[in-house]
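Novice: Got a sequence here, can you build the structure:
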Amino acid sequence: MNAKRISKRQFLADVWGWLLVSPLVLGLLIFTLYPLLSSIVYSFYDKRMRIMEFVGWQNFRDIFSSEGGVVHQEFFHSLWVTFKYTVISVPLGMILGYLLATFLCARVKGNKFLLTLYYLPALIPAVVSGRVWADMLNEEYGVFNVLLTQGLGLNAISFTAPENLLWAYIWLGTFHVGGGSIIWSAGIRSVDRTYYEAASLDGANKFTQFVKITLPLTTPYIFYNLIMGMIGALQLFDGPYVLTGDSRGGADNALQTVVMCIYETMFQRDSSGLACAMAWVLCLIVGVLTLIIFRTNRWVHYADED
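Specialist: Model (predicted):
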């Protein structure tokens, strides 16, 4: 009798649990899984506003083959821009963020205030910061050129010129290392202080302690920031879009990333099928690069492996 009551009570608890999570599961199916599967199907169609014609692998051939013309050229140009931004900005941001966190974790007065101050830019939406940076980089009235021309008597620099735009955006990105610094700080503070005390007794200086203790024991945080930074850089869109004011990334498509190219194809050319194919190519690239990083993570030191 007691077993039946327990079984009935367990069944009701299971039903109640499924009822509680059902809105989340339903939302996941409708707003995530369905669009995901639909994009796979659409990538094999010539899908426009009122047209949906099956074309097989033609969208992918247009992307990868030179016969694709403008589609092929713009996609690989945007891919090259995205890779350059990723290869330069991700390591640079990680190094600056790590050094900043190391300094802020030192026992100096006001380090918590400074950590909060450096984190504030991460709270500002990219749409807002992009608009502000666009005004600051303006060749005529931007604050940087005003300082150069009126303050130092130098010639103005066209930061938005095709040859300078990508480098200007990478430079601007260095001011947004505060978000990563929070993670770096958590990792540095998690290192057991007894390691440093033992190293000091053995005569190790601060630099040696940093290289032999801090860096190895914070490699899981380095690994996490590397993965997330790479994925975020490859999916870059809002900052360049707002900075240049269009989905082509300024003159000569100088700052057009892959996601901006997908947006251009989807909304400006009304070619949803081709845009879905581009999106899945990007997804494959991100997946392969992530897998490579995961397969080469022998340099990551986890405390529970000791």
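Novice: going forward, measure contacts and count neighbours with C-alpha atoms only.
Specialist: Will do.
Novice: Spit out the contact partners of Leu236.
Specialist: Residues in contact with Leu236, defined by C-alpha atoms under 8 Å, 6 or more residues apart in numbering, are Thr82, Thr257, Val258, Val259.
Novice: Quick check: phi and psi at Phe159.
Specialist: Backbone torsions of Phe159, given as degrees, to the nearest 10, read phi -60, psi -30.
Novice: Please shift the residue numbers so they start at 44 in all later answers.
Specialist: Yes, from this point I'll number from 44; that puts the last item at Phe202.
Novice: if I look at it, how far off is His219?
Specialist: Using C-alpha to C-alpha, to the nearest Å, Phe202 is found at 19 Å from His219.
Novice: low-confidence ranges in the stretch 94-243 of the chain?
Specialist: Across the stretch 94-243 of the chain, the ranges flagged by pLDDT under 70 are 111, 150-151, 153-154, 158, 218, 220-222.
Novice: per-residue pLDDT, the residue most central in space within the chain?
Specialist: Closest residue to the average C-alpha location of the chain: Gly275 at 1.2 Å, with C-alpha atoms, centre = their mean. According to the prediction, Gly275 has pLDDT 90.
Novice: which of the residues in the helix or strand where it lies are buried?
Specialist: Gly275 is part of helix 262-277 when elements are defined by DSSP states H and E. If you call a residue buried by 16 or more other C-alpha atoms under 10 Å, then helix 262-277 has these buried ones: 262-266, 268-270, 272-274, 276-277.
Novice: ok, residues contacting it?
Specialist: With C-alpha under 8 Å, 6+ apart, helix 262-277 has contacts from 125-126, 128-129, 133-134, 137, 223, 226-227, 230, 301, 329, 333, 336, 340, 342-345.
Novice: And whichever helix or strand comes after that helix, how far out from the chain middle?
Specialist: Counting by DSSP H and E, the next helix or strand C-terminal to helix 262-277 is helix 281-287. Centre-to-centre, helix 281-287 and its host chain are 14 Å apart (C-alpha atoms, centre = their mean, to the nearest Å).
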